[in-house]
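Peer 1: need a 3D model of the sequence below.
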Amino acid sequence: MAALQSPAQPGDRLSGRSGPATAELDALLERAVVHHQAGRLDEAQRHYRTILEQSPNHPEGNHNRGVLMLGLDRPAAALDYLKRALEGAPGQRQYWLSYAEALMRAGHHEAARQLVGE
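Peer 2: Alright, predicted model coming up:
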């Protein structure tokens with residue numbers, strides 16, 4: 001199955017965050033996305049990890065780390081990140097698609113069908 005997902009872009013304001021810590025996380029996210037899109041996955045992963053250490057429920061960071069795990073053919077590892085992204089930003093359609101794909105690729109076909117049917 002071809003990957004449907006792409007990293008969330010740094011300009012996606014999903015959680016209404018603001019302040020100096022947010023600016024730092026946004027800068028990290030921007031660098032991570034650049035590395036991710038350029039195929040420098042180790043660097044991208046390092047930045048996503050830093051974001052999630054500072055803000056474990058960061059929707060974009062969780063989504064993008066999950067997408068990266070899918071790209072590495074590690075769908076089971078992607079599931080936790082993608083679920084946390086959904087919990088933080090349930091209105092993001094792309095997050096639902098990424099989660100459904102991870103469920104399918106991890107062999108949870110019925111759960112994916114139920115998710116898509118909702």
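
Peer 1: quick one: pLDDT of the closest residue to residue 109 other than its chain neighbours?
Peer 2: Nearest residue to residue 109, sequence neighbours excluded (Cβ to Cβ, 6 or more residues apart in numbering): residue 103, at 7.6 Å. The way it works is simple: take the backbone N, C-alpha and C, and place the C-beta from them, glycine included. Note for residue 103: predicted pLDDT of 97.

Peer 1: hmm, residue 50 is touching residue 28, no?
Peer 2: Yes. With contact defined as Cβ atoms under 8 Å, residue 50 reaches residue 28; the gap is 5.8 Å.

Peer 1: returning to what we had before: for the residue nearest to residue 109, give me its contacts.
Peer 2: Residues near residue 103 by Cβ atoms under 8 Å, 6 or more residues apart in numbering: 75, 79, 109, 111, 112, 115.

Peer 1: secondary structure element holding residue 96?
Peer 2: For residue 96, the enclosing helix or strand under DSSP states H and E is helix 93-105.

Peer 1: so how far is that helix from its chain's centroid?
Peer 2: In terms of Cα atoms, centre = their mean, to the nearest Å, the centre of helix 93-105 is found 10 Å from the chain centre.
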